[in-house]
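K.L.:
Kindly return the folded structure for what I paste below:
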Amino acid sequence: MLTFIWAQDKDGYIGKDNTMPWRLPADLQHFKKETNGHTIVMGRKTYESIGKALPNRENLVLTRDPNYSLADAKVLYDKAEVLEIARDKQVYITGGAEIYRLFLEDADALVVTHVEAYCGGDTIFPEFDWQNWRLVKREDGVRDEKNDLDYWYGWYEKKTHA
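P.N.:
Next comes the predicted model:
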């Protein structure tokens with residue numbers, strides 16, 4: 001099963017200068033809870049922005065560079081390899097924008113943090129049709145001294161067409 005997980009502002013921005021354009025520690029904890037113990041797939045730029053493999057997950061880094069290698073993550077060079085892995089286990093696509101775009105038609109589920117603000121940025125989530133997705137669960141985030149924006153989590157499943 002292929003699940004996308006990301007956070008976006010009201011305009012669909014997901015990044016700025018290879019980082020997130022907001023500070024929401026609760027969202028990072030949500031990401032950790034959702035992906036812990038599972039396989040995550042990210043692009044090279046996303047991996048390099050983090051600087052290391054994330055603990056307690058199988059980290060797969062997708063790149064077009066045949067000479068790219070990592071000591072702490074498995075490097076893949078082909079979309080088909082990821083889809084093969086996702087046939088047998090839960091795989092989370094974690095970004096960036098090029099990776100989301102590459103797998104958009106293959107996603108089975110979405111886990112989205114909706115940041116209720118206009119934060120701007122330089123990277124926007126790829127355009128897709130929300131009409132093809134059904135919100136199956138919603139959980140409001142808590143605004144506090146550490147998380148100073150309104151936000152909520154949405155879990156979506158792909159609508160099946162008869």
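
K.L.:
alpha carbons only for contacts and neighbour counts from here, please
P.N.:
Noted.

K.L.:
longest helix of the chain?
P.N.:
The residue-count maximum for a helix in the chain (DSSP state H) belongs to helix 25-35.

K.L.:
Work out the gap between the following helix or strand past that helix and the centre of the chain.
P.N.:
Once the chain leaves helix 25-35, the next helix or strand it forms, by DSSP states H and E, is strand 39-43. From the chain centre to the centre of strand 39-43 is a distance of 8 Å (C-alpha atoms, centre = their mean, to the nearest Å).

K.L.:
Could you list the buried residues of the helix or strand following strand 39-43?
P.N.:
Per DSSP H and E, the first helix or strand lying C-terminal to strand 39-43 is helix 44-50. Neighbour-count burial for helix 44-50 flags R44, K45, T46, Y47 (criterion: 16 or more other C-alpha atoms under 10 Å).

K.L.:
what stretches of this structure score poorly on pLDDT?
P.N.:
In the predicted model, the chain carries pLDDT under 70 at residues 161-162.

K.L.:
So which residues of it form helices?
P.N.:
25-35, 44-50, 79-86, 97-103.

K.L.:
Now tell me what touches the first one from outside.
P.N.:
Spelled out, that is helix 25-35. I5, A7, R57, Y92, T113, G141, K146, N147 (C-alpha atoms under 8 Å, 6 or more residues apart in numbering).

K.L.:
Measure how far that helix is from the centre of its chain, please.
P.N.:
11 Å.

K.L.:
buried ones in that helix?
P.N.:
A26, D27, F31, T35.

K.L.:
now, among the residues you listed, which is nearest to D108?
P.N.:
Nearest to D108 among those: T35, at 15.3 Å, using C-alpha to C-alpha.

K.L.:
on that earlier part again, which among the helices of the chain is found nearest to E127?
P.N.:
Comparing the helices of the chain by their distance to E127 (C-alpha to C-alpha), the top pick is helix 97-103, with 8.4 Å.

K.L.:
name the helices or strands packed onto the closest one?
P.N.:
For helix 97-103, the packing partners by 3 or more C-alpha pairs under 8 Å, 6 or more residues apart in numbering; DSSP states H and E come out as strand 39-43.
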